[in-house]
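Q: Have a look; sequence and predicted model below, questions after that.
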Amino acid sequence: MRIVMAARGLVLCAALPACLTPPVAQTPVSASAAPNLPATVAPLAAAPARPVSVPGLPSAFAWATNAPVIVPRSDATHDLVAVKDPTVVRYNGRWHVYASSVGKGGIYGMVYTSFADWGEAPKAPLYYMSNTRGFDTYVAAPQVFYFTPQKKWYLVFQSGPPMYSTSDDPGDPTKWTAPQPMFAKTPAIVDQNGGWLDFWVICDAESCHLFFSNDHGRWYKSRTPLARFPYGWSDPVVVLEDAEAGRVFEASNVYKIDGTHKYLALIEAFDKTSDYRRYFRSWTADSLEGPWTVLHRDAAAPFAGERNATFDGVPWTRDISHGEMIRAGYDETMVIDGSSLQYLYQGFDPSAPTSDYNAIPWRLGLLTIK
């Protein structure tokens, strides 16, 4: 099983070394050249000279951070090199964090940890999700939330396609149900355009929306009625695309800004403006249907990146990568409080070699808005 898991991890992540190097330039895709892409794809909105003010969000984005708060921990059967792709909620007086783990040999899985406050996080033990029924396989990039209509906790993640599991208590990682697929088969647009990864669910009063990326410069969305979740998904459509794949890459989050009718979308990027280091661009919209207007266009003035993150001491990473905002609640509406933003992110030692993506020593840090 370990050999099979390692092979699967390597196959599924074979394209990922490109995450840290410039992508090959691609020709923009038009609706006439590729009829499987909808003609209604929204072009990227032109950026202002500097980020505009958005109700409910800071007028300027500058972050403070410190040493990693969650690091890999190994045992006799789990030899970890990285913890990455976190999701986090505050529930019953504790933080609950699920994250991807990477073991030597490219073995991907998930881990869980919990603590009362962030000062306890570096010493909090890790639970290996491979010890939970159905999770002893390739699983990664989780998202955890409480789905109010069903009074159930959901863990959404990738195992190739989007998968889900449910529980009555996010604080007991042993009790998640066996993973189930959210789609009966892979949508044609996914097969034809480079796959799918990094799934994100957010719901409004009528529907649940599933956002995801494909590492080829496209960001997608599918939708299902609230009453049919986690099934009944519509054919995905392209929400945003860019001919330079690194500029609309992966690790998207979408949030409702508390006290407003605005939504905020974050998408991880890398390009020449960031010296090809990871950072986050952002967009806003008045509806989950869009259109999405760019707020932070590049790494010169990012939502979060090397240029607007100040470290306590010597910077331990140059990459602000896949993570999740600290939410104002824990349900499917994904509400954030723009007056007190924090973001749990992944980074790694800038001196670490990156030729083997599966050996990059990712750790988790916490950004706090200044």
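A: Yep, it's here.
Q: going forward, measure contacts between C-alpha atoms and count neighbours the same way
A: Fine.
Q: residue contacts, the closest residue to Ser213 other than its chain neighbours?
A: The spatial neighbour of Ser213 that comes closest, neighbours along the chain excluded (CA to CA, 6 or more residues apart in numbering), is Trp219 at 4.7 Å. Trp219 makes contact with Phe211, Phe212, Ser213, Val238, Val239, Leu240, Glu241, Val248, Phe249, Glu250 under the criterion CA atoms under 8 Å, 6 or more residues apart in numbering.
Q: helices or strands next to the one helix or strand the fourth one maps to in the packing?
A: Read it as Val238. Under DSSP states H and E, the secondary-structure element containing Val238 is strand 237-241. Using 3 or more CA pairs under 8 Å, 6 or more residues apart in numbering; DSSP states H and E as the contact test, the elements touching strand 237-241 are strand 218-225.
Q: so where do the helices sit in this protein?
A: 2-12, 188-192 (DSSP state H).
Q: can you tell me which of these the model trusts least?
A: Sorting those by mean pLDDT places helix 2-12 lowest, at a mean of 34.
Q: what about the stretch 201-350 of the chain, any weak spots by pLDDT?
A: Counting by pLDDT under 70, the stretch 201-350 of the chain has no low-confidence residues at all.
Q: where does the stretch 1-150 of the chain dip in pLDDT?
A: In the prediction, the stretch 1-150 of the chain carries residues with pLDDT under 70 at positions 1-51.
Q: quick one: Asn131 and Thr174 touch, right?
A: Yes - between Asn131 and Thr174 there is a contact under CA atoms under 8 Å: 7.4 Å.
Q: Looking at the two, which is more packed in?
A: Each of Asn131 and Thr174 had its neighbours counted (other CA atoms under 10 Å), and the higher figure belongs to Thr174 (16 against 12).
Q: Setting aside sequence neighbours, what's the nearest residue to that one?
A: Once its chain neighbours are removed from consideration, Thr174 has its nearest residue in Thr132; the separation is 5.2 Å (CA to CA, 6+ apart).
Q: didn't that neighbour look like it was pressed against Pro173?
A: Yes - with contact defined as CA under 8 Å, Thr132 counts as touching Pro173 (7.2 Å).
Q: picking up where we left off before, and the residue nearest to Ser213, how far is that from Phe183?
A: 18 Å (CA to CA, to the nearest Å).
Q: Kindly report the same for Ser252.
A: From Ser252 over to Phe183 the distance is 20 Å, taken as CA to CA.
Q: Quick check, pLDDT for the closest residue in space to Phe212 that isn't next to it in sequence.
A: Take Phe212 and drop its neighbours on the chain: the residue closest to it by CA to CA, 6+ apart is Phe199, 4.7 Å away. Note on Phe199: pLDDT of 98.
Q: Count residues in the vicinity of Phe199, would you?
A: As a burial measure, Phe199 scores 24 neighbours (other CA under 10 Å).
Q: Quick check, it in contact with Ser159.
A: No - at 10.5 Å, Phe199 and Ser159 do not qualify as touching, with contact defined as CA under 8 Å.
Q: Just list whatever residues bridge to Trp219.
A: With DSSP bridges as the criterion, the beta-bridge partners of Trp219 are Ser213, Leu240.
Q: what separates Thr293 from Ala285, distance-wise?
A: As for Thr293, its distance to Ala285 is 6 Å (criterion: CA to CA).
Q: The two: which is more packed in?
A: Comparing Thr293 with Ala285 by neighbour count (other CA under 10 Å), the higher total belongs to Thr293, at 20 against 17.
Q: May I see the buried residues of the biggest strand by length in the chain?
A: Under DSSP state E, the strand in the chain containing the largest number of residues is strand 80-91. When neighbours are counted by 16 or more other CA atoms under 10 Å, the buried residues of strand 80-91 are found to be Leu80, Val81, Ala82, Val83, Lys84, Asp85, Pro86, Thr87, Val88, Val89, Arg90.
Q: Quick check: of those, which lies closest to Asp204?
A: Val89 (18.9 Å; CA to CA).
Q: Tell me which residues touch the closest one, please.
A: Contacts were defined as CA under 8 Å, 6+ apart; by that measure Val89 touches Trp95, His96, Val97, Val144, Phe145, Ile326, Arg327, Gly329, Tyr330.
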